[in-house]
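1. Mind looking at a prediction? Sequence and model below.
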Amino acid sequence: MAVHETYTCKDCSFEFTDQESLFFYNHNLNIIEEYTHLVSTAGISRGSKIQGRIYESYCKHCDKYIETYYITYVDCPEYNSEEIIDIVKSGIKNGLKRLKNETITKIEELKEIRLRKEYKIEKRPNSIAKYILKKLSNLSQEEKNEIINRHLEICVKLVELEGCEYKADIKDFDSEKEAIEYCKRHAFGNFFDEIDREISWNSNFFKRKLKYLYRVEYWDSEEFYNITTINCPKCGNEVYKFINPNYPCPNCEGELIHTRTLCAD
Ligand SMILES: [Zn+2]
Ligand SMILES: [Zn+2]
């Protein structure tokens, strides 16, 4: 399970979520793949010969996040340590290219889905009618029909999107037409909101990734805990190695406080 902790500055608007990202080198694609500890990602790095974990910091002079890839595991006797670092660096670059293409395709797909408006309307007995009919099984057909007609619901479904539907009891409206309009409005409302949310999440994620600077280092536990700063790879200024409440806000030196915990599995 991955635990995402969010920290917010008490003095400025700086906010940061620690994703506890890990990485591994995908030899076949020549890319660095990033992931977090989830049930769905269990074992994803198995067999990879270069693995590690990512820590984020932020340089206010450059207004850029810095991701440091700490190599924690290597099993490539054929390469020296400099060559391994080069492999990771080019893997990061290739991974970003792939992410860019994937994001563009995903957003295009979502925009295309947003344009579809095909829906189908179903008229069916609601749950009350079903319940009554089940309980009173010795009714005549005429009596059954009367119950069904009294308890009808309208359901509007989007054809291409499973699970995107809205239903309402006809008797709650002045006419069947009104019930249909109501359902359409709600079904499409949910649908568009959901798609819009997904589009903006994807483009924000990628935009944020483009704002990163990258560093690659070998993990050295002693150095890791004793030296708390790194040099920004762009401007050279010292910045804190981590973003968390043990360190001041990287933007204004104010106090960082823990504001949210999100568990994902
Ligand atoms: Zn900088
Ligand atoms: Zn601040």
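-> All right, it came through fine. Numbers count the residues shown, from 1 in each chain. Ligands and ions are numbered 1, 2, ... in the order given.
2. Up against ligand 1, what does this structure have?
-> Within the chain, the positions near ligand 1 by CB under 5 Å from the ion are 59, 61, 62, 232, 234, 235. For every residue, glycine as well, the C-beta is placed using N, CA and C.
3. which residues does the residue nearest the centre of the chain contact?
-> The centroid of the chain falls nearest to residue 201 when counting by CA atoms, centre = their mean (7.1 Å). By CB atoms under 8 Å, 6 or more residues apart in numbering, the contact set of residue 201 is empty.
4. Where does residue 28 fall, secondary structure wise?
-> Counting by DSSP states H and E, no helix or strand carries residue 28.
5. Widest-spaced pair of the residues of the chain next to ligand 1?
-> Taking CB to CB as the measure, the residues of the chain next to ligand 1 span a maximum distance of 8.2 Å, between 61 and 234.
6. Show me the strands in the stretch 51-200 of the chain, by range?
-> 64-74, 119-125, 152-158, 165-169 (DSSP state E, counting those that start in this stretch).
7. Can you list the buried residues in the shortest one?
-> What it means is strand 165-169. 165, 166, 167, 168 (16 or more other CB atoms under 10 Å).
8. Skip the chain neighbours and tell me the closest residue to residue 106.
-> Nearest residue to residue 106 in three dimensions, chain neighbours excluded: residue 202, at 5.5 Å (CB to CB, 6 or more residues apart in numbering).
9. Distance from whichever strand or helix holds the one you found to the middle of the chain?
-> For residue 202, the host element (DSSP H and E) is helix 176-210. The chain centroid and the centroid of helix 176-210 are separated by 16 Å under CA atoms, centre = their mean, to the nearest Å.
10. cool, stretch 241-258 as well?
-> On CA atoms, centre = their mean, the centre of stretch 241-258 falls 24 Å from the chain's centre.
11. So which bits of it are buried?
-> 241, 242, 243, 247, 249, 250, 251, 256.
12. is it true that residue 95 touches residue 32?
-> Yes - with contact defined as CB atoms under 8 Å, residue 95 counts as touching residue 32 (4.7 Å).
13. who's more crowded, the two?
-> Higher neighbour count among residue 95 and residue 32: residue 32, with 27 against 20, using other CB atoms under 10 Å.
14. a markdown table for the buried residues of strand 165-169, including distance to ligand 2 and pLDDT?
-> Formatted as a markdown table, those follow (distance: CB to the ion, whole Å; pLDDT from 0 to 100):
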| residue | distance to ligand 2 | pLDDT |
| --- | --- | --- |
| 165 | 45 | 80 |
| 166 | 44 | 84 |
| 167 | 48 | 87 |
| 168 | 49 | 89 |
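15. Where does pLDDT dip in the stretch 151-265 of the chain?
-> Confidence mapping of the stretch 151-265 of the chain against pLDDT under 70 gives the ranges 160-162, 264-265.
16. On the three-state scheme, residue 213 is what?
-> Taken by DSSP: H, G, I helix; E, B strand; the rest coil, the conformation at residue 213 corresponds to strand.
17. Need the distance between the two termini of stretch 144-159.
-> In stretch 144-159, first residue to last residue: 31 Å (CA to CA, to the nearest Å).
18. tally of neighbours for the closest residue to residue 49 other than its chain neighbours?
-> Nearest residue to residue 49 in three dimensions, chain neighbours excluded: residue 75, at 4.5 Å (CB to CB, 6+ apart). As a burial measure, residue 75 scores 9 neighbours (other CB under 10 Å).
19. can you check residue 91 too?
-> Per other CB under 10 Å, the neighbour tally for residue 91 reads 23.
20. pretty sure it contacts residue 27?
-> No - between residue 91 and residue 27 there is no contact under CB under 8 Å: 9.4 Å.
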